[in-house]
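Trainee: here is my input; please provide its structure:
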Amino acid sequence: MQFQVPQFINIEDKVIGPLTIKQFLYLLIAGVIIFIISKILNLGATIFFGIIIGGIAVILAFVRPGGQPSIIIIKNFIGFLKKPDFYVWKKPLGKNDSPEQIGSVEIIKRVSSKTKIKPEAKDNLQDIEWKIEVDKEE
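Mentor: Numbering: from 1, shown residues only. Model (predicted):
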């Protein structure tokens, strides 16, 4: 028994004319919001808000920057604004290193962007040595 394997599984089905379900829902919700606004506000305000809401709906439905849906880009941007992270990276060593070491980058520590990075304190032995040297001179 032979089965036909789907070829284009990453492409959404066009269900309503040339639109996918998500595109249709974005445009439908925008239309309903604009209709409600038209019943509440006057013609000038309806046109103003209608252009803004319609533009957002068209962007969500049809614009795909980098091959990703716009809603994913907006969700990632909001997530970044809520919790930005600051990474401190360790540089590769030098020319004499093996190719595996040069190509690899390691995270030393992960620090929240709200905390300030302080320079590392000197070793306690260096502090004690300095105090001994100062006491000898006096």
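
Trainee: all helices for this structure, in order.
Mentor: For the chain, helices defined by DSSP state H occupy the ranges 21-40, 43-62, 70-82, 99-103, 124-137.

Trainee: any stretches of this protein with poor pLDDT?
Mentor: Within the chain, the segments meeting pLDDT under 70 span 84-124, 130, 133-138.

Trainee: quick check: domain ranges of it?
Mentor: 21-81, 85-137 (automatic domain parsing).

Trainee: can you redo the helices of the chain as TSV with mean neighbour count?
Mentor: Glycine gets a C-beta too; all of them are placed from N, C-alpha and C. TSV is the format used below for these (neighbours: other Cβ atoms under 10 Å):
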stretch	mean neighbour count
helix 21-40	15
helix 43-62	14
helix 70-82	11
helix 99-103	9
helix 124-137	9
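
Trainee: reformat these as CSV; add distance to V15.
Mentor: Below are these laid out as CSV (distance: least, Cβ to Cβ, whole Å):
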stretch, distance to V15
helix 21-40, 5
helix 43-62, 14
helix 70-82, 18
helix 99-103, 46
helix 124-137, 69
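
Trainee: so which of these gets nearest F3?
Mentor: Proximity to F3, assessed across those by Cβ to Cβ, is greatest for helix 21-40 (25.9 Å).

Trainee: what residues does the closest one touch?
Mentor: 12-13, 15-16, 19, 45-46, 49-50, 53-54, 56-58, 60-62, 69 (Cβ atoms under 8 Å, 6 or more residues apart in numbering).

Trainee: same check on stretch 65-84?
Mentor: K22, I59, L60, V63, R64, S113.

Trainee: make a markdown table out of those residues and add distance to I40.
Mentor: Putting the contacts of stretch 65-84 into a markdown table (distance: Cβ to Cβ, whole Å) gives the following:
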| residue | distance to I40 |
| --- | --- |
| K22 | 27 |
| I59 | 24 |
| L60 | 23 |
| V63 | 29 |
| R64 | 33 |
| S113 | 42 |
